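In: A predicted structure for the sequence below; I have some questions about it.
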Amino acid sequence: MQFTSDIDETGQRTRSSQFAADPLMQSAQTAQQSFPQSALYIVGLPIGNAADITLRALWVLDICDHVACEDTRETRKLLDRYGISTPTISVHEHNERSASQKLIDYLAKGERIALVTDAGTPAVSDPGAKAVQSVREAGFRVVPVPGASAVVTALSASGLDSYSFTFAGFVPPSGKARRTALSKLAQKEEAFVLYEAPHRICDLLKDLAGVLHAGRRVVVARELTKKFETFDAMTASDLPDWAQAHDPRGEYAVVVDMQDKSEEGLDAKDLKWLRAIAEEMPKSRAAALAAKVTGMKRDAIYQMLNAEDSE
């Protein structure tokens, strides 16, 4: 691919994008946007479906002087698909600190550098955070170019209550550490999202079943945005059977719904004060007050009080 050159306001020669004549780029007015030099661009890439790349990401990858990659071979496949010949350099978890200095040296020369990971966004459950920190400390600008997100994709199609959630990503791979991490997450009332690799998904789901209330809703999402994408909804009690019946393939996102206290009931301390206030006011008012305090559904508490009276 041949690039043309422009002279910017500082007199420096810069690369012009091959996409300048593309109708979609013209509609997006990409050429009129600012893409400063001496900047590190954090570019979000597709998580599976190559068509999910953004116009802005294509433009940045094309005009940058280098693309810093987690795996140059994987990134080159995507760049070749779109006819982008920008040179690549390797920046991964094992060389990130030393490679950061190379990025800083390029930026000091006025270059634009795009930082990418194999899929998704750098520095989010992927390498990149150390490089970003080093570049910022060196006084250079960092510009995010957002793209596809596995956590948001999984949540959006899960059908679960996710107005607030914890993104936990990958929990520790070893059994004891994994169970400890899952137990802490299970105690949260809000939803949470996990990532897992195929060779560990069965162990993860079995351990998750052991720490969640049996009725808590879970969605296991596999191969997001790809040809064999699946979403399987179940309760926590179903997780071991699901793991046993499925052959682990592809990357997984596991979405756990927010805790429904109506399923778990009240603990001994809650029951004690609930009985006490039910003796001082109508059961309907006591149930309404308890619902506000505990998060349990009012009707469930009212039925519980009536059931105790009938015993």
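Out: Great, that's in hand.
In: can you give me the helices in this structure?
Out: 23-28, 55-63, 72-81, 96-108, 129-137, 150-158, 175-186, 201-211, 239-245, 261-264, 268-278, 283-294, 298-310 (DSSP state H).
In: the ones you listed: lowest mean pLDDT?
Out: Mean pLDDT is lowest for helix 261-264 out of those, coming in at a mean of 56.
In: the closest residue to Glu93 other than its chain neighbours: neighbour count?
Out: Residue nearest to Glu93 in three dimensions, not counting chain neighbours: Pro127, with 4.3 Å by Cβ to Cβ, 6 or more residues apart in numbering. Heads up, the C-betas are built off the backbone N, CA and C, glycines and all. Residues near Pro127, counting by other Cβ atoms under 10 Å, number 21.
In: residues contacting Pro127?
Out: Going by Cβ atoms under 8 Å, 6 or more residues apart in numbering, Pro127 touches Glu70, Val91, His92, Glu93, Glu96, Thr117.
In: can you put the residues you listed in TSV and add distance to Gly169 and neighbour count?
Out: As requested, those are exported to TSV (distance: Cβ to Cβ, whole Å; neighbours: other Cβ atoms under 10 Å):
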residue	distance to Gly169	neighbour count
Glu70	16	21
Val91	20	29
His92	18	17
Glu93	14	12
Glu96	18	21
Thr117	13	25
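In: which one of the residues you listed is nearest Tyr82?
Out: Closest to Tyr82 out of the contacts of Pro127 is Thr117 (17.3 Å), distances taken as Cβ to Cβ.
In: what residues are up against the residue nearest to that closest one when sequence neighbours are not counted?
Out: Excluding its sequence neighbours, the residue lying closest to Thr117 (Cβ to Cβ, 6+ apart) is Asp126, at 4.1 Å. Asp126 makes contact with Glu70, Thr117, Asp118, Gly120, according to Cβ under 8 Å, 6+ apart.
In: measure Asp126 to Ile42 for me?
Out: 11 Å (Cβ to Cβ, to the nearest Å).
In: equivalent analysis for Ala287, please.
Out: For Ala287, the distance to Ile42 - Cβ to Cβ - is 50 Å.
In: do the same with Asp65
Out: Distance from Asp65 to Ile42, counting by Cβ to Cβ: 16 Å.
In: more crowded one of those two?
Out: Per other Cβ under 10 Å, whichever of Asp65 and Ile42 has more neighbours is Ile42, with 24 against 17.
In: show me the contacts for the residue nearest to that one when sequence neighbours are not counted.
Out: Beyond its immediate neighbours in the sequence, the residue positioned closest to Ile42 (Cβ to Cβ, 6+ apart) is Pro144, lying 4.8 Å away. Going by Cβ under 8 Å, 6+ apart, Pro144 touches Tyr41, Ile42, Gly44.
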